[in-house]
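Student: coords below, sequence missing:
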């Protein structure tokens with residue numbers, strides 16, 4: 001990602017990343033939301049292939065602050081933004097942005113518990129605590145049995161990707177992380193990750209419960225018991241994926257510790 005100032009004085013951001021076939025759909029969806037005045041940077045170009053890279057330019061949207069905290073009040077504020085985001089994306093038609101980001105790619109088959117990620121799979125797997133693997137396996141089993149239709153949604157809804165001005169959200173970033181998964185699963189993942197302002201964290205169960213209830217209220221649609229189970233399973237799987245990566249790469253153990261403390265309660269709610 002590069003910041004540029006054009007000859008006329010306009011500041012823009014140019015993003016270049018490995019092209020795995022997802023970028024065009026992600027940028028197109030982001031552009032549609034920006035057209036509808038959703039608070040996100042507006043793409044200025046479509047995606048262009050440059051060698052093995054996908055490249056596009058978007059407006060520079062500075063300002064706002066990252067809010068910290070995982071309280072129920074913060075959960076409601078974030079759930080309102082996520083509900084608005086998902087409602088807007090429901091009216092966007094693009095090719096599904098597949099493959100899904102790896103932290104919500106539980107549907108991948110043939111690679112055991114985890115999606116195949118070369119740089120992680122080459123590392124010493126024995127450093128990953130068994131409780132992380134067991135939680136992932138149980139959550140994945142429930143997710144694969146869900147049978148729910150997939151929708152377009154933001155799969156990296158974390159505090160570090162949001163900017164606020166007072167109580168109003170100013171910008172939602174990281175549109176490369178759109179995914180094609182059931183709505184309940186995307187909401188469940190967000191209910192666990194919304195407070196992550198640095199290394200991946202897991203919100204308290206109480207705050208995740210508040211997030212899920214608030215989201216349904218803002219959307220005006222209540223999840224079925226099965227959808228609620230899928231939501232809880234998705235939160236567990238994403239937390240386990242992140243905790244595994246942190247363990248393999250020597251990162252913060254906080255997410256793994258929170259998962260250890262909460263796994264039984266979350267998996268019970270997931271019926272997993």
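Tutor: Here it is on my side, so go on. It should be emphasised that the depicted structure is a prediction, and the values quoted were computed from it without experimental measurement.
Student: check residue 110 and give its pLDDT.
Tutor: pLDDT for residue 110: 66.
Student: then residue 69?
Tutor: Here, the pLDDT recorded for residue 69 equals 95.
Student: just residue 226 next, same as before
Tutor: pLDDT, the model's per-residue confidence, is 98 for residue 226.
Student: phi, psi for it please.
Tutor: With angles defined as degrees, to the nearest 10, residue 226 shows backbone torsions of phi -70, psi -40.
Student: so where's the chain uncertain?
Tutor: Segments of the chain classed as low confidence (criterion: pLDDT under 70) are 110-111.
Student: now the helices: where do they sit in it?
Tutor: Along the chain, counting by DSSP state H, helices occupy 23-35, 72-89, 118-121, 130-144, 183-193, 205-219, 225-249, 254-270.
Student: would you list the ones you listed in a markdown table and tack on mean neighbour count and distance to residue 47?
Tutor: For the C-beta atoms, the positions are set from N, CA and C on the backbone; glycine is no exception. As requested, the helices of the chain are arranged in a markdown table below (neighbours: other C-beta atoms under 10 Å; distance: least, C-beta to C-beta, whole Å):
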| stretch | mean neighbour count | distance to residue 47 |
| --- | --- | --- |
| helix 23-35 | 21 | 5 |
| helix 72-89 | 20 | 18 |
| helix 118-121 | 11 | 24 |
| helix 130-144 | 19 | 30 |
| helix 183-193 | 29 | 23 |
| helix 205-219 | 21 | 30 |
| helix 225-249 | 24 | 26 |
| helix 254-270 | 19 | 32 |
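Student: mind checking which of those is nearest residue 99?
Tutor: Between residue 99 and the helices of the chain, the shortest separation by C-beta to C-beta is 11.7 Å, and it involves helix 23-35.
Student: residue 194 contacts residue 76, doesn't it?
Tutor: No. When contacts are counted by C-beta atoms under 8 Å, residue 194 is not listed as touching residue 76 (10.4 Å).
Student: give me the common contacts of the two.
Tutor: Here residue 194 and residue 76 share the contacting residues residue 211, scored by C-beta atoms under 8 Å, 6 or more residues apart in numbering.
Student: circling back to that earlier point, relative to residue 162, which of the helices of the chain is closest?
Tutor: Nearest to residue 162 among these is helix 72-89 (6.9 Å), distances taken as C-beta to C-beta.
Student: where's residue 182 relative to residue 150, distance?
Tutor: Note on residue 182: its distance to residue 150, by C-beta to C-beta, to the nearest Å, is 6 Å.
Student: for residue 56, that is, sorry about that
Tutor: Residue 56 sits 25 Å away from residue 150, going by C-beta to C-beta.
Student: which of those two has more neighbours?
Tutor: Regarding residue 56 and residue 150, a neighbour count based on other C-beta atoms under 10 Å identifies residue 56 as having more, with 21 against 16.
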